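In: Below are the sequence and a predicted model; questions follow.
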Amino acid sequence: MARTLVRGSTQIMGETITNDQIRPIDAENLVGIELAKIEKGTSIVLADGTAVAGDINLDGNKIYGSAVGVNPTDLVTKSQLDSVSAGLDAKGASHVATTGANIDLSTGGLLTIDGEVLTAGQRVLVKDQTIASENGVYDAAVGSWTRSADFDGAPTNEVSGGSFSFVTNGTVNGGTGWIVVAEGDIVVGTDDIVWTQFSGASTISGGNGITVSGTIVSADVDGTTIVNTGGAGDKIGVADAGITATQLAASVAGDGLAGGAGTALSIDLDGATLTVATAGIKVSDAGITETQIASSALSATGGLTGGSGTTIGVNGYWGVTVDANGVGVDIDGTTLALSAAGVKVADGGITATQLAVDSVTAEKINADVAGLGLISNATTGALDINVDDSTIGIVTDVLQVKAGGITETEINSSALGTGLTGGSGTTISVDASAFLALTDLVTRENQTANVDGVTAVFTLANPVVAGTEHVYVNGVLMEDGGNDYSIVAATGVITFEFVPKYNAGNADKTDKIVVTYFKVPA
């Protein structure tokens, strides 16, 4: 069918799209209606017609992206299964963990632990009680604390060796994992609960120049030459005035430098050509003379001489003079002269002597110069353009085409393109065979599907100028050449690749066929 966008509410006929028109999944992985576009009903039905409420056959596919299971009926993730197979029992994450101090759990309260001010309900991993049986995971509260639901011993086998919890916050313990070390099940409130860390940055120890405090790794600096600077993520920087001559070895000073090893660096200067001023290093007064400029630095062909101890001067050449007054232009004073504005042509300076033999002079212009299209004016001797004054003329010294000067005689037949005839003496006119008249345009000829409802062949009222027909079905432009239809222009017979629909009782369910075309001129 034609590759044309259609408007569903106005161009798709009601009740015409059935299951047969919806393309299924095929070898090209093309899909029909996406699941997201199916309106939610009482249940979702699988491709084989089975409701999701029943068993689901994934046919080798996976369910992924599930959260960690919490309730007894929740799905569990592979990581949860892996922990069980490894003898681990994952518990919910704890907000903070104690850092060595014993807590009065009966008094409780919203304490500050590991730099975090607690709020009611936050989980705390308690691991440092004097009485080890009091250790476990608790919910913080304004008053006394109670053990968390997954760590209160109900059911009896809820806590055992291998139970672990991750700590998400805290200066020292944030980002660490802790596991209960024991054999078998633990009777909560009776048996000792001993925690040991099994993951996290605190397992890292500092080496030379490195300090580890909880989960924070810092660089040791002396604070004098190197410091930790503030900012987004602390950075190491050189302290203000941190590097002095003491930190610089004498070997730092090379050619032209002195100092180091406790002595300030300075630049060695001869004091004659270079010296130190308030603003910095400068060239000494009269420091650079002809002695410092080598002769090889001067280009003789560029007009300079001297150097290497000899005074620098200008080398004169043709047209240039050098004297005590400076460099000047050497002129003859007859053809060229000097004026206040500069060099000029002297009065009467250019004569026939300066003109070459083949130069143009007034004496050398005569009637022989005039060739085709040019004539010598009999009165003035000047060159004039020779015109016929019929097709081309001269009006007030301007060459122009005369009014009515160009006719069909002047236009060659070969200069006329498609659609024009004449020229070369014959009147120019439009070629009627190359243009279609507006009176031959047939617009919106109605070829609506007829009563038999089974034919795909329709005959237009006139023979058609090939390629001018526009065939529309229900407002959609069809493609010719056998895609949607084919046409025999000489007879006006249109054959569709599909059978237009006809419904005797409902015009809205009848295909509307409209054709606009140029008919063959009579």
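Out: Here it is on my side, so go on. Numbering: from 1, shown residues only.
In: could you point out which element follows the lowest-mean-pLDDT helix or strand in the chain?
Out: Ranked by mean pLDDT, DSSP states H and E, the weakest helix or strand in the chain is helix 78-85, scoring a mean of 58. Sequence-wise, the next helix or strand downstream of helix 78-85 (DSSP states H and E) is strand 89-90.
In: Who are the contact partners of Ala415?
Out: Gly423 (C-beta atoms under 8 Å, 6 or more residues apart in numbering). C-beta coordinates here come from the backbone N, C-alpha and C atoms, glycine included.
In: Doesn't Ser133 lie inside a helix?
Out: Yes. Under DSSP: H, G, I helix; E, B strand; the rest coil, Ser133 falls within a helix.
In: And it, how close does it get to Thr224?
Out: According to C-beta to C-beta, to the nearest Å, Ser133 stands 51 Å off from Thr224.
In: Looking at those two, which one has more neighbours?
Out: Ser133 (14 against 9; other C-beta atoms under 10 Å).
In: In contact with the more buried one, which residues?
Out: Ser133 makes contact with 189-193 under the criterion C-beta under 8 Å, 6+ apart.
In: Any of the residues you listed buried? List them.
Out: Ile193 (16 or more other C-beta atoms under 10 Å).
In: shaky segments in the stretch 51-200 of the chain?
Out: 51-57, 68-73, 76, 78-87 (pLDDT under 70).
In: Just the strands from it, written as ranges.
Out: 89-90, 96-97, 112-113, 116-117, 123-126, 136-139, 146-147, 163-167, 176-180, 195-199 (DSSP state E, counting those that start in this stretch).
In: Among those, show me which one is buried the most.
Out: A comparison of the strands of the stretch 51-200 of the chain by mean neighbour count, using mean count of other C-beta atoms under 10 Å, puts strand 96-97 on top with a mean of 27.
In: Show me which parts of stretch 515-522 are buried, residue by residue.
Out: Going by neighbour count (16+ other C-beta under 10 Å), the buried part of stretch 515-522 is 515, 517-520.
In: Quick one: end-to-end distance for that stretch.
Out: Using C-alpha to C-alpha, to the nearest Å, one end of stretch 515-522 lies 20 Å from the other.
In: Stretch 423-435 now?
Out: 19 Å.
In: how about Ala141, what does it touch?
Out: Here Ala141 is in contact with 108-110, 120-121 (C-beta under 8 Å, 6+ apart).
In: Name the surrounding residues that touch stretch 477-497.
Out: In contact with stretch 477-497 (C-beta under 8 Å, 6+ apart) are residues 1-4, 447, 456-467, 469-473, 498, 515.
In: please redo it, this time with the cut-off set to 6 Å
Out: Residues outside stretch 477-497 that contact it (C-beta atoms under 6 Å, 6 or more residues apart in numbering) are 1-2, 456-460, 462-464, 466, 471.
In: before we move on, what about stretch 511-522?
Out: Here stretch 511-522 has contacts from 436, 440-445, 447-449, 462-465, 468-474, 500-501, using C-beta under 6 Å, 6+ apart.
In: and the contacts of Ser133 as TSV, adding distance to Val283?
Out: Formatted as TSV, those follow (distance: C-beta to C-beta, whole Å):
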residue	distance to Val283
Gly189	91
Thr190	94
Asp191	90
Asp192	86
Ile193	84
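In: which of the contacts of Ser133 lies closest to Ala264?
Out: Ile193 (65.7 Å; C-beta to C-beta).
In: which residue sits closest to that closest one, ignoring its sequence neighbours?
Out: Closest residue in space to Ile193, ignoring its immediate chain neighbours: Asn135 at 4.0 Å, by C-beta to C-beta, 6 or more residues apart in numbering.
In: which of the contacts of Ser133 lies closest to Asp59?
Out: Set against Asp59, the nearest of the contacts of Ser133 by C-beta to C-beta is Ile193 (46.7 Å).
In: correct me, but that closest one touches Gly136?
Out: Yes. Judged on C-beta atoms under 6 Å, Ile193 makes contact with Gly136 at a distance of 5.5 Å.
In: Where does the prediction get shaky in the stretch 251-400 of the chain?
Out: 253-254, 256, 260, 300-302, 316, 319, 324, 355, 357-371, 381.
In: what about Gly242, distance to Asn228?
Out: On the measure of C-beta to C-beta, Gly242 and Asn228 end up 13 Å apart.
In: What strand or helix carries Arg444?
Out: Per DSSP H and E: strand 441-446 holds Arg444.
In: what comes up buried for that strand?
Out: Within strand 441-446, the residues scored as buried using 16+ other C-beta under 10 Å are 442, 445.
In: State the mean pLDDT of it.
Out: Looking at strand 441-446 alone, the average pLDDT works out to 92.
In: That one - contacts with which helices or strands?
Out: strand 513-518 (3 or more C-beta pairs under 6 Å, 6 or more residues apart in numbering; DSSP states H and E).
In: now the strand it packs on and strand 441-446, what's the angle there?
Out: 170 degrees (axes from the mean of the first three to the mean of the last three C-alpha atoms, to 10 degrees).
In: what's the spacing between strand 513-518 and its chain's center?
Out: The chain centroid and the centroid of strand 513-518 are separated by 47 Å, computed with C-alpha atoms, centre = their mean, to the nearest Å.
In: Stretch 107-123 now?
Out: 49 Å.
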